[in-house]
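>>> Structure, please.
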Amino acid sequence: MSNILSSQRRIEINELPTEIPDFSSTYEPKDSIIKKWITNWILSAISKNKIKENDILPKKSEISEYLGVSVGTVQNAIRYVEDSGLLKSKQKLGTMISNVTNPLGNFSKLTSKREKTILAIKKTILQKGCKVGKPIPSIRKMSEYIGISQNTTRLAYEHLCSIGILESMQMRGNDSNWYLKEIPVISNKEIKTIENMAADTLVDKLTTNLKHHLAANYQIGDKISSQEELAIELGVSVKTIHDCIKQLNKQGIVISRRGRYGSILAQDPLSPAFSPLKENSIFASAEEAAFYSYQKIESKIIDLINKDYKAGDKLPSMIELAKLYDVSTNTIRKALIQLEQEGCITFGRGRYGGTFVIEKPESSEKQKYQWISINPDYI
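Numbers count the residues shown, from 1 in each chain. As a prediction, this is how the structure comes out:
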């Protein structure tokens, strides 16, 4: 680590290309456009010796302001570039230029996770009898079907496009965006390789570490430290701790409720499923606790749009929505950004700006998509 730190420098925002992508000239998602923009810049800058391995990208907030897009959009784009091996992220350090001579050699963990996702999608296509030339579920739906994040699912979709199994219509937010171009084939060797992969993602590893931490420091029924405190104790981000707590909620080891109640240790983390602490009215269900607040608010906004608005209508301001749902404007902003990425709404700037409905989203009550039965041993 000391060798990396000694060779690092922060790339200035003015070193990025002065020519900004024109997002209005195509229906292609913004994150996909930015991915290509960043990739082309990295390859060009490397060839001209303007950047080198371990140089740190400008902050995502700076890039988002520079491009005039959301931080979440920039985050997605960077994730896609990471998958190509040109970038790598380090906890507490940032996003860095990778080993440009052998970039893919640094990403066995991410590739392993993506390959699992590709296999899950292939299985879904085969098991449900999807037809060539017909649409398959959107990224959001497929993500929920197979229990894998939308970002990783999008990476898998793009890979399947690159090898000719899927075809993208370059439209956002529509179920008909992705078409099956060719029936996928899963070899016995591929199944064996994927199923034998170790569960080595950062969250999986940290969840195991967190179980041992809880077993050593808490008794059943104890209120555990806040996510911010656990993040400091374990030396990781709050987001990573949040994802770990989600897993422990699903396993019944922890019961969570937002606000002053916090999270309670419900079972022995190392020997669960014998005498769990009973949930009561003050605790959220494990399923409910697995969602960010903004995801719950997103569901409420979906219901609001479907009830009172049509395409072209302007939604209330973020401040008005925050008062309506008794949450912060930041929570509202995150929920709206998610809906914008799904193609349901769009943001306008200036005197006549605001948040406008593009198309009505699918009702939040239809989010389980029952045509697929979730199997925890699916992949």
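>>> In this protein, what residue spans correspond to strands?
Counting by DSSP state E, residue ranges of the strands within the chain are 87-90, 94-97, 166-168, 178-180, 254-257, 262-265, 345-348, 354-357.
>>> of all those, which lies closest to N306?
Comparing the strands of the chain by their distance to N306 (CB to CB), the top pick is strand 354-357, with 10.0 Å. In short, each C-beta sits where N, CA and C put it, glycine included.
>>> for the protein, what helix or strand is lowest in average pLDDT?
In the chain, the helix or strand scored least confidently by mean pLDDT, DSSP states H and E is helix 286-289, which has a mean of 43.
>>> before we move on, back to that, of the strands of the chain, flag the one that's most buried.
Across those, the average number of neighbours (mean count of other CB atoms under 10 Å) peaks for strand 254-257, which reaches a mean of 23.
>>> Give me the sheet partners of it and which way each runs.
In the sheet containing strand 254-257, the strands it pairs with under DSSP bridges are strand 262-265 (antiparallel).
>>> I'd like the mean pLDDT over the strand it pairs with, please.
Per-residue pLDDT values over strand 262-265 give a mean of 84.
>>> Please shift the residue numbers so they start at 165 in all later answers.
Shifting the count to begin at 165 puts that one at strand 426-429.
>>> Format the strands of the chain as CSV; extra columns: distance to L283.
Formatted as CSV, the strands of the chain follow (distance: least, CB to CB, whole Å):
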stretch, distance to L283
strand 251-254, 24
strand 258-261, 28
strand 330-332, 14
strand 342-344, 16
strand 418-421, 30
strand 426-429, 33
strand 509-512, 33
strand 518-521, 37
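>>> quick one: which of the ones you listed is nearest G297?
Evaluated over the strands of the chain, closeness to G297 peaks at strand 342-344, with 6.5 Å, by CB to CB.
>>> who's in contact with the closest one?
Residues from elsewhere that reach strand 342-344, judged by CB atoms under 8 Å, 6 or more residues apart in numbering: 289, 294-303, 321, 329-333.
>>> now do 6 Å
With contact meaning CB atoms under 6 Å, 6 or more residues apart in numbering, strand 342-344 is reached by 294, 296, 299-300, 330-332.
>>> How about the most centrally placed residue in the chain, nearest residue that isn't a chain neighbour?
For the chain, the residue lying nearest the average C-alpha position, counting by CA atoms, centre = their mean, turns out to be N315 (4.3 Å). In this structure, N315 finds its nearest non-sequential neighbour in R243, 5.1 Å apart by CB to CB, 6 or more residues apart in numbering.
>>> Does N341 touch M333 like I think?
Yes: judged on CB atoms under 6 Å, N341 makes contact with M333 at a distance of 5.2 Å.
>>> With neighbour numbers in mind, choose between those two.
Taking neighbours as other CB atoms under 10 Å, N341 and M333 compare with N341 leading, 22 against 13.
>>> how close does the more buried one get to C408?
Counting by CB to CB, to the nearest Å, the separation of N341 from C408 is 32 Å.
>>> now the longest helix along the chain: mean pLDDT?
When every helix of the chain is counted residue by residue (DSSP state H), the longest turns out to be helix 272-291. Here the mean pLDDT over helix 272-291 is 74, rounded to a whole number.
>>> again, but for stretch 318-333
Here the average pLDDT along stretch 318-333 is 84.
>>> and the residue nearest to N315, how many neighbours?
As a burial measure, R243 scores 20 neighbours (other CB under 10 Å).
>>> Now do it, the pLDDT please.
Per-residue pLDDT puts R243 at 79.
>>> which stretches of the stretch 315-464 of the chain have low pLDDT?
Applying pLDDT under 70 to the stretch 315-464 of the chain flags the ranges 334-340, 353-366, 422-425, 436-458.
>>> where do the helices sit along it?
Residue ranges of the helices in the stretch 315-464 of the chain, as given by DSSP state H, counting those that start in this stretch, are 352-359, 366-381, 391-398, 402-414, 450-453, 457-472.
>>> Between the strands of the chain, which one is closest to K280.
Ranking these by proximity to K280 (CB to CB) places strand 330-332 first, at 17.2 Å.
>>> What sits closest to K286 if chain neighbours are left out?
Computed as CB to CB, 6+ apart, the closest residue to K286 that is not its neighbour in sequence is P348, at 4.2 Å.
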